[in-house]
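**Q** predicted model and sequence below, questions to follow.
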Amino acid sequence: MSFTVKNNVKWVGKIDWELDKFHGEEYSTHKGSTYNSYLIQEEKNVLIDTVWKPFASEFVNNLKKEIDLEKIDFIIANHAEIDHSGALPELMKEIPETPIYCTKNALDSLKGHYHQDWNFVVVKTGDTLDIGNGKKLIFIEAPMLHWPDSMFEYLTEDNILFSNDAFGQHYASEFMFNDLVDQSELFTECLKYYANILTPFSPLVLKKIEQFAGLNLPLDMICTSHGVIWRDNPMPIVGKYLEWADKYQENQITIVYDTMWNGTRVMAENLAKGINAGDSSVNVKLFNAGKYDKNDIIAEIFKSKAILVGSPTINKGISTAIAALLEEVTGLRFQGKKAAAFGTYGWSGESPKVIENRLKEAGFEIASEPLKTKWNPDNNAQKSCFEFGKQFVKKI
Ligand code: FEO
């Protein structure tokens with residue numbers, strides 16, 4: 001499959017409807033994904049990125065239907081992560097001398113992955129590549145969006161930014177253009193992708209958008225490496241990135257808990273009732289971390305102005321589901337969010353304090369002392385949870 005993106009630019013990637021986990025088992029992809037590769041055929045022929053390794057043969061065979069591989073003048077490897085570079089070994093067996101344009105950091109990552117001395121050409125921000133017919137590609141390094149090696153390029157005359165991971169989504173669609181798909185699904189996947197992958201690099205996102213805006217280049221389309229192509233006014237997704245990168249929050253409080261015999265769940269539900277009584281405008285959401293998808297919970301935390309995290313005490317510690325979630329949240333370095341901890345216990349009761357310490361390490365501002373309940377919450381304990389929630393929302 002291939003299709004025309006604009007003029008002499010074609011999409012030659014792979015739509016992966018079956019993908020349900022990405023980054024190993026780290027990221028849930030309920031709606032599949034795509035690995036976008038682009039072929040530009042002007043006086044010079046340029047291939048931008050490839051696809052994930054399992055689809056390498058399919059990719060090269062399809063590419064042969066589009067172009068005699070010997071006629072590819074330049075390959076651009078924007079990023080060495082194998083969802084984009086995975087078909088390079090198969091391709092380079094056929095055209096071993098073709099130059100691969102990449103950043104200096106990509107020399108390290110590409111060689112580290114494939115242990116090959118291909119014909120690398122290192123480029124930096126502002127370097128250009130003349131591709132004929134009055135068009136050129138302008139390279140823009142984009143370190144940490146998503147790896148140190150990442151790079152964008154801009155195609156003049158067609159006014160297309162090839163942004164690699166940035167502005168992408170794990171979202172399979174045969175439509176492949178932003179204006180043709182369900183907008184709610186699209187932006188839900190965009191936000192989840194930003195929250196789970198790009199949040200730690202938010203200051204760099206803001207700087208990169210500012211740098212690109214400073215170049216005063218007309219922008220008609222953004223061709224990402226995952227999901228749909230932004231062809232119909234790409235500015236809304238750029239606007240969303242500006243919002244998301246700037247300590248994003250909605251009027252939402254998320255309660256995440258785990259429970260063994262329902263005591264901590266009862267606490268969570270009464271906390272929610274208290275929050276609602278304290279401020280009914282707040283969107284309160286509850287998630288059992290043991291049952292609900294981790295990455296979807298992270299997207300909800302990203303949207304929240306505050307969170308409450310609860311676990312029963314287990315062997316003087318916390319549940320594995322809450323521990324795993326907090327480990328990931330710590331790495332994501334959310335900013336400007338408040339939090340508190342809660343949990344049930346039978347005898348020693350360490351869990352709320354353990355959670356509070358993890359929340360502090362993760363950069364949350366602790367808004368209330370932790371709340372704990374011995375054994376199952378009785379009516380009085382449930383009232384205490386209700387009051388805690390009511391007071392908590394007033395401190396946010
Ligand atoms: Fe889509 Fe960072 O690779």
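**A** Good, I have the coordinates.

**Q** show me the contacts for Phe364.
**A** Shown in contact with Phe364 (CB atoms under 8 Å, 6 or more residues apart in numbering): Ile307, Phe334, Lys337, Lys338, Ala339. Bear in mind the C-beta positions are built from the backbone N, C-alpha and C, glycine included.

**Q** next one: the closest residue to the third one other than its chain neighbours from Val284, what distance?
**A** Spatial nearest neighbour of Lys337, excluding adjacent residues (CB to CB, 6 or more residues apart in numbering): Phe364 at 5.4 Å. Separation of Phe364 from Val284 (CB to CB, to the nearest Å): 17 Å.

**Q** now swap in Phe167 and tell me
**A** 31 Å.

**Q** more neighbours: these two, which one.
**A** Between Phe167 and Val284, counted using other CB atoms under 10 Å, the more crowded position is Phe167 (29 against 21).

**Q** that one contacts Pro236, doesn't it?
**A** No: between Phe167 and Pro236 there is no contact under CB atoms under 8 Å: 10.4 Å.

**Q** name the residues of the stretch 1-150 of the chain found near the ligand, please.
**A** Residues of the stretch 1-150 of the chain lying close to the ligand (CB under 6 Å from any ligand atom) are His79, Glu81, Asp83, His84, His146, Trp147.

**Q** neighbour-wise, which of these leads?
**A** The most crowded member of these, judged by other CB under 10 Å, is His79 (27 neighbours).

**Q** quick one: that residue and Asp149 touch, right?
**A** Yes: His79 lies in contact with Asp149 (CB under 8 Å); the separation is 5.8 Å.

**Q** report the distance from stretch 5-24 to the chain centre.
**A** Its chain's average C-alpha position is 16 Å from that of stretch 5-24, according to CA atoms, centre = their mean, to the nearest Å.

**Q** end to end, how far does it reach?
**A** This stretch, stretch 5-24, spans 30 Å end to end (CA to CA, to the nearest Å).

**Q** any buried residues in it, and which?
**A** 5-6, 8-16, 19, 22 (16 or more other CB atoms under 10 Å).

**Q** remind me which residues of this structure are low pLDDT?
**A** Within the chain, the set of residues satisfying pLDDT under 70 is empty.

**Q** the helices in it, which residues?
**A** In the chain, the helices defined using DSSP state H lie at 56-66, 82-85, 88-94, 104-114, 183-193, 202-214, 235-244, 263-278, 294-303, 320-332, 351-361, 379-395.

**Q** helices and strands around the longest one, which ones?
**A** For helix 379-395, the packing partners by 3 or more CB pairs under 8 Å, 6 or more residues apart in numbering; DSSP states H and E come out as helix 263-278, strand 306-310, strand 338-345, strand 371-374.

**Q** so what's Ala340 up against?
**A** Shown in contact with Ala340 (CB under 8 Å, 6+ apart): 306, 308-309, 356, 359, 366-371, 388, 392.

**Q** any chance of CSV for those, columns neighbour count?
**A** What follows is those, written out as CSV (neighbours: other CB atoms under 10 Å):
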residue, neighbour count
Ala306, 24
Leu308, 32
Val309, 31
Glu356, 20
Leu359, 24
Ile366, 14
Ala367, 18
Ser368, 19
Glu369, 12
Pro370, 22
Leu371, 21
Phe388, 22
Phe392, 24
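
**Q** farthest-apart pair in those residues, please.
**A** The span of those, defined through CB to CB, is set by Leu359 and Phe388 at 15.7 Å.

**Q** and the residue nearest to Lys337, how far from the ligand?
**A** 27 Å (CB to the nearest ligand atom, to the nearest Å).

**Q** what's the nearest residue to Ile160 if we skip its chain neighbours?
**A** That would be Met221: by CB to CB, 6+ apart, it lies 4.6 Å from Ile160.

**Q** touching, Ala324 and Gly290? I think so.
**A** No: contact criterion CB under 8 Å: Ala324 and Gly290 do not qualify, at 10.0 Å.

**Q** ok, the two, which is more surrounded?
**A** Gly290 (15 against 12).

**Q** what's the neighbour count on Gly239?
**A** Counted with other CB under 10 Å, Gly239 comes out at 11.

**Q** re the thing from before, ok, so of the buried residues of stretch 5-24, who is nearest Ser28?
**A** Phe22 (7.9 Å).

**Q** residues contacting the residue nearest to that closest one when sequence neighbours are not counted?
**A** Counting by CB to CB, 6+ apart, Thr29 is the residue found nearest to Phe22 once chain neighbours are left out, at 5.0 Å. Residues near Thr29 by CB under 8 Å, 6+ apart: Leu19, Asp20, Lys21, Phe22, His170.

**Q** now the residues you listed as a markdown table including distance to Ser351?
**A** As requested, the contacts of Thr29 are exported to a markdown table (distance: CB to CB, whole Å):
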| residue | distance to Ser351 |
| --- | --- |
| Leu19 | 35 |
| Asp20 | 32 |
| Lys21 | 29 |
| Phe22 | 31 |
| His170 | 33 |
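
**Q** so of the residues you listed, which ones are in strands?
**A** Among the contacts of Thr29, the members found in strands (DSSP state E) are Lys21, Phe22.

**Q** between the contacts of Thr29, which sits nearest Lys65?
**A** Leu19 (23.8 Å).

**Q** is the spatially closest residue to Trp230 that is not a sequence neighbour in a bridge, and if so with what?
**A** Spatial nearest neighbour of Trp230, excluding adjacent residues (CB to CB, 6+ apart): Ile222 at 4.1 Å. With DSSP bridges as the criterion, Ile222 is bridged to Leu161, Trp230.

**Q** ok, Ile222 - contacts?
**A** Ile160, Leu161, Ser163, Phe167, Ile229, Trp230, Pro234, Ile237, Val238.

**Q** tell me how many other residues crowd Glu58.
**A** Neighbours around Glu58, by other CB under 10 Å: 14.

**Q** over to Lys71?
**A** 11.

**Q** make sure it is actually in contact with Val46.
**A** No: with contact defined as CB under 8 Å, Lys71 does not reach Val46; the gap is 10.9 Å.

**Q** picking up where we left off before, top of the contacts of Phe364 by number of neighbours, please.
**A** The residue in the contacts of Phe364 with the most neighbours, by other CB under 10 Å, is Ala339 (28 neighbours).

**Q** thanks a lot, catch you later.
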